[in-house]
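1. A predicted structure for the sequence below; I have some questions about it.
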Amino acid sequence: MELFSQIIVNGILLGGLYGLMALGMGLVWGVLNIVNLAHGALIMFGAYALYYLFSGLGLDPFVGLPLAMLILFCFGYLLQRGLLNLIVRSALLNTLLITFGLDAVFAHVAQLAFSADFRTINPTYAGNNFQFFGLTIPLARLAAFGVALLLAVLLWLFLGHTRTGRAIRATAQNLTAARLYGVNPRAMYALTFGIGAALAGAAGGLYGIVSQFTPYIGASLTAKSFVIAILGGLDKPLGVIGGGLVLGVAEALTALYLGPTYTDVISFGLLVLILVSRPASVFERA
Amino acid sequence: MKIRIIFIVVVVLALLAGVPWYGSASIVQFGIDALLTATLAQGWNLIGGYAGYPSFGNSVFYGLGTYGTAIAMAQFGLPFWAGLVVGGILAVLCALLLGIPILRLRGPYFAIATLGLAAAMGAVIANLGIAGRNNGLILPLFRGDALFYELALGLLALTTLMIYLVSESRFGAGLIAIRENEDAAAVMGVNTTLYKVMALALSGFVSALAGGIHAYWITFIDPGSAFDATLNVKMVIMAVFGGPGTVLGPIIGAFLLSAISEVLAAKISTVAGLFFGGVIVLAVVFMPKGLIDVGYGVRRLGLSYFVQNIRQNRL
């Protein structure tokens, strides 16, 4: 029973980070209708940004995190404004293709710039844990989980309760009507993609604290984000975090009871089942 | 006109078929790889290009073909042709069983379901005793690159002929109608479920044959290589780069991109990957309808064709 609850706790802590990874992808997908296959590469950039802020400038990772997010925001804003806005109205396959191309470019640029060595962001308290009702809770993972939840709530408040957030949702619902009401879609798209990139940056930074990374972690993180974004209902932040928790716990339980080789069967099998039985979304009303 | 086209096709095929006699060993090996990838792109063309269902899971069929052939040959000692038949049947069965529920999904939901399916199938095979689990299987050794080359060329030629016949037929018109507007197609009396499942099954069948040929050529297979996720993306990119929903586009795209990455990989692999990604990005911006369309477009509009493409797709 103790093992079971420990596994559940591990799954939940990991799931929060998964949810944060998918948050930006779901937002960009839901609003811009771009399935961003380079999302994992943006997460990877976030990890390196925080790594250099930490090892170069000596900033505490959790202090450096907003800076890393700002860097990624600017990068995403310019990328959408300068390149992706040019193709955003073309067919779904083309947006898939261009982001796949970008993913390849980003990964290889990262390898040239940062080398292919394994890195990790390793503050002094990285190995600390504490006991809680007989459960071992790693401090860094708990903090990462808290930041993920905080960002999801902030995004939810931003989309629902600010003027700009409403403009973003209006653009997602009906581009022409939003334009008639004075929304500038080019800036709004760039802003949305920038926010998506900033969230990817935060996820990447936290990923770098709890795990190792290389320039090539992007592809598998994109796939996970894709699954979770669909489970959670794209631009519904709280739903996406819920989707991340489901996947985190499901993976942890599978690894415990069936063995680690079955985690992909379960997570992707679950995905296909959910898609076929309830195409809309599981957390639609969140 | 028709006779001229047939003449050109025969000459090109003869030139390609002669490669093992006048080309070097490394050219033949590159050729086998390029021809098999082109077959995959062509198989994807049927479901993705004509029917408009962006499958990211055609590696399921490729992998089933690979494993069908390998299991038949390595575990039961059957001859190669029987292995191909087993692989093909497995792929068609899989397309029929899974196609019916999955083809109800549309757009990105279909794409991710197929992607998930490919990952799940790879993981299932990796846990199956008869398929050698994670260790893979070793096939009987057969040296004869020339034979594999001709087999791959024949498969690509037959696949392309099939695509041509489909594109001229009522079936092909039905698939295009589904791509343009599925509800309207259904109202006009197209049996959409039947057409989509048939397109997927045909697409799966040729992919499985390509997988079988590749397995016997390479003589060693494991789940990682047979259900390689990048293969899915590769065939989609090649088909879309050349021109999806056209008879020759995917072949041109596949040959061109294979050749580019082969030449670059021989030099520096990191720069090769960078360049590959850059080419794809530029191609989407300047020629979103594929290479085939550039020919017509430039003849009609000159260089303003590229400007017009951007104007059409930008925000």
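-> Thanks, I have the structure now.
2. burial count for the closest residue to B:Gly212 other than its chain neighbours?
-> Excluding the flanking residues, the one nearest B:Gly212 by Cβ to Cβ, 6 or more residues apart in numbering or on different chains is B:Thr69, at 3.7 Å. (C-beta placed from N, C-alpha, C; glycine too.) For B:Thr69, the neighbour count with other Cβ atoms under 10 Å in any protein chain shown is 32.
3. hmm, B:Thr69 is touching B:Pro79, no?
-> No - between B:Thr69 and B:Pro79 there is no contact under Cβ atoms under 8 Å: 10.5 Å.
4. ok so, going back, buried residues, the host helix or strand of the residue nearest to B:Gly212. List them.
-> Assigned by DSSP states H and E, B:Thr69 falls within helix B:59-70. Neighbour-count burial for helix B:59-70, counted by 16 or more other Cβ atoms under 10 Å in any protein chain shown, picks out B:59-70.
5. just the strands in chain B please.
-> B:137-138, B:220-221 (DSSP state E).
6. before we move on, what about the stretch 101-250 of chain A?
-> For the stretch 101-250 of chain A, the strands defined by DSSP state E, counting those that start in this stretch cover A:129-132, A:135-138.
7. most packed of those?
-> strand A:135-138 (a mean of 15; mean count of other Cβ atoms under 10 Å in any protein chain shown).
8. so what strands line up beside it?
-> strand A:129-132 (antiparallel) (DSSP bridges).
9. could I have the strand it pairs with exported to PDB, CA atoms only?
-> In PDB, the C-alpha atoms belonging to strand A:129-132 read as follows (Å, rounded to 0.1, in the frame of the first residue of the first chain):
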ATOM      1  CA  ASN A 129      13.500  15.400   0.000                       C
ATOM      2  CA  PHE A 130      11.300  15.300   3.000                       C
ATOM      3  CA  GLN A 131       9.000  12.700   4.600                       C
ATOM      4  CA  PHE A 132       5.300  13.200   4.600                       C
END
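10. for residue 261, list the residues it contacts.
-> All of this is about chain A. Taking Cβ atoms under 8 Å, 6 or more residues apart in numbering or on different chains as the criterion, A:Thr261 is in contact with B:123, B:126-127, B:134.
11. actually it's chain B I care about, not the one you picked
-> B:272, B:276.
12. one step back: from the contacts of A:Thr261, keep the buried residues only.
-> Using 16+ other Cβ under 10 Å as the burial test, the contacts of A:Thr261 include B:123, B:126 as buried.
13. narrow the contacts of A:Thr261 to those in helices?
-> B:Ala123 (DSSP state H).
14. and chain A, which of the contacts of A:Thr261 reach it?
-> B:123, B:126-127, B:134 (Cβ under 8 Å from any Cβ of the partner chain).
15. out of the contacts of A:Thr261, which one has the lowest pLDDT?
-> In terms of pLDDT, the lowest of the contacts of A:Thr261 is B:Asn134, showing 77.
16. does it really touch B:Asp222, like I thought?
-> Yes - with contacts counted by Cβ under 8 Å, B:Asn134 reaches B:Asp222, the gap being 6.9 Å.
17. count the neighbours of B:Val263 for me.
-> B:Val263 has 12 neighbours, counted by other Cβ under 10 Å.
18. retrieve the pLDDT associated with B:Pro140.
-> So B:Pro140 comes in at 83 (pLDDT).
19. next one: A:Pro279
-> As predicted, A:Pro279 sits at a pLDDT of 53.
20. could you do B:Val294 as well?
-> pLDDT, read off for B:Val294, is 84.
21. dump stretch B:165-184 to CSV, restricted to CA.
-> This file holds the C-alpha atoms of stretch B:165-184, laid out as CSV (Å, rounded to 0.1, in the frame of the first residue of the first chain):
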residue,chain,number,x,y,z
LEU,B,165,-5.5,3.8,-62.4
VAL,B,166,-7.1,4.9,-59.1
SER,B,167,-6.8,8.5,-60.1
GLU,B,168,-8.6,7.9,-63.4
SER,B,169,-11.4,5.8,-61.8
ARG,B,170,-14.6,6.4,-60.0
PHE,B,171,-12.9,5.2,-56.8
GLY,B,172,-10.3,8.0,-57.1
ALA,B,173,-12.9,10.6,-57.8
GLY,B,174,-14.7,9.5,-54.7
LEU,B,175,-11.6,9.8,-52.6
ILE,B,176,-11.0,13.3,-53.9
ALA,B,177,-14.6,14.2,-53.1
ILE,B,178,-14.0,12.9,-49.5
ARG,B,179,-10.9,15.1,-49.2
GLU,B,180,-12.6,18.2,-50.5
ASN,B,181,-15.8,17.8,-48.5
GLU,B,182,-16.7,14.5,-46.8
ASP,B,183,-20.3,15.4,-45.9
ALA,B,184,-21.1,16.6,-49.4
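22. returning to what we had before: reformat the buried residues of helix B:59-70 as CSV; add pLDDT.
-> Formatted as CSV, the buried residues of helix B:59-70 follow (pLDDT from 0 to 100):
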residue, pLDDT
B:Ser59, 90
B:Val60, 92
B:Phe61, 95
B:Tyr62, 95
B:Gly63, 93
B:Leu64, 94
B:Gly65, 94
B:Thr66, 94
B:Tyr67, 94
B:Gly68, 93
B:Thr69, 93
B:Ala70, 93
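23. which one of those residues sits closest to chain A?
-> Set against chain A, the nearest of those by Cβ to the nearest Cβ is B:Val60 (11.4 Å).
24. can you pull the contacts of the closest one?
-> Going by Cβ under 8 Å, 6+ apart, the list of residues near B:Val60 reads B:91, B:94, B:114, B:117-118, B:121, B:204, B:227.
25. so which of these are also by chain A?
-> B:Leu117.
26. which of the contacts of B:Val60 count as buried?
-> B:91, B:94, B:114, B:117-118, B:121, B:204, B:227.
27. quick one, what contacts residue 226?
-> Let's take chain A. By Cβ under 8 Å, 6+ apart, the contact set of A:Phe226 is A:22, A:25, A:35, B:112, B:115.
28. let's do chain B instead
-> B:59, B:62-63, B:66-67, B:122, B:125, B:211, B:215.
29. and B:Ser26, how far from chain A?
-> Counting by Cβ to the nearest Cβ, to the nearest Å, the gap from B:Ser26 to chain A is 25 Å.
30. now that residue: how far from B:Arg143?
-> Distance, B:Ser26 to B:Arg143, using Cβ to Cβ, to the nearest Å: 15 Å.
31. neighbour count: the two, which is higher?
-> B:Ser26 (11 against 8).
32. rewinding a little: run the chain-centre distance for the helix holding B:Thr69.
-> Relative to its parent chain, helix B:59-70 has a centroid offset of 13 Å by Cα atoms, centre = their mean, to the nearest Å.
33. again, but for stretch A:207-218
-> The answer for stretch A:207-218 is 13 Å, by Cα atoms, centre = their mean.
34. correct me if wrong: A:Leu14 contacts A:Gly248.
-> Yes - shown here, A:Leu14 and A:Gly248 form a contact pair, counting by Cβ under 8 Å, at 4.3 Å.
35. if we can go back for a sec, can you tell me which of the strands of the stretch 101-250 of chain A the model trusts least?
-> Sorting the strands of the stretch 101-250 of chain A by mean pLDDT places strand A:129-132 lowest, at a mean of 81.
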